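**Student:** here's my sequence, what's the structure:
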Amino acid sequence: MRIGIDIDEILAASLDAMLDFHNGTYGTNLKQGDIFSYKLWEVWGGSEEEAAQKWHDFYETDHFAGVCPIAGAFAAMTVLKERGHELFAITARPHHIAKKTEDWLDEHFPAVFSGVRFANTYGLNGSKHKKSDLCIELGIATLVEDDPRHATDCASRGGQRHST
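**Tutor:** Below you'll find the predicted structure:
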């Protein structure tokens, strides 16, 4: 079976690194427990466009370069692959960090994924895609996803919903 795997907060502890960046850059004192919405502009204030710009700025920092893998994620992906599943990373990340993302996956998840697709959900430029469209294009029926909006959209279009 082909399985789609989200990157941020499934494979990568990106939110911790983003909060470190945000706290240092904007003088906040946010912790994971303060996050009540995936629409982070609702958490730290400002507009959706300003939040996208903050993420864009974050991608250019050492905070982003140093994102750690989620504990146990490599072992879990290895088990899925050993059981004959074909894994694809399906991410909301923007296109402009494709190389950085692919390099990170190669370093922390070597020879695990058959491919990576970018939805560019909050990208500043370029076309945006629904994760469900990417899954349909690749014949993926199951998406491991932490954002209920993406999981619900995929489930409504015929995929199986696996939200953490």
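
**Student:** which residues of this protein score low on pLDDT?
**Tutor:** 159-164 (pLDDT under 70).

**Student:** Val79 versus the residue of it most remote from its centre, what's the distance?
**Tutor:** For the chain, the residue at maximal distance from the C-alpha centroid (Cα atoms, centre = their mean) is Gly27, at 25.1 Å. Gly27 sits 43 Å away from Val79, going by Cβ to Cβ, to the nearest Å. Every C-beta, even on glycine, is put in place using the N, C-alpha and C of the backbone.

**Student:** can you check Glu50 too?
**Tutor:** 40 Å.

**Student:** which residue, other than its chain neighbours, is closest to Asp34?
**Tutor:** Closest residue in space to Asp34, ignoring its immediate chain neighbours: Val43 at 6.5 Å, by Cβ to Cβ, 6 or more residues apart in numbering.

**Student:** buried residues in whatever helix or strand the one you found lives in?
**Tutor:** Val43 belongs to helix 41-44 when elements are defined using DSSP states H and E. For helix 41-44, burial by neighbour count (16 or more other Cβ atoms under 10 Å) applies to 43-44.

**Student:** so what secondary structure elements neighbour the longest helix seen in the chain?
**Tutor:** As assigned by DSSP state H, the longest helix anywhere in the chain is helix 14-26. Where contact means 3 or more Cβ pairs under 8 Å, 6 or more residues apart in numbering; DSSP states H and E, helix 14-26 is packed against helix 48-58, helix 62-65.
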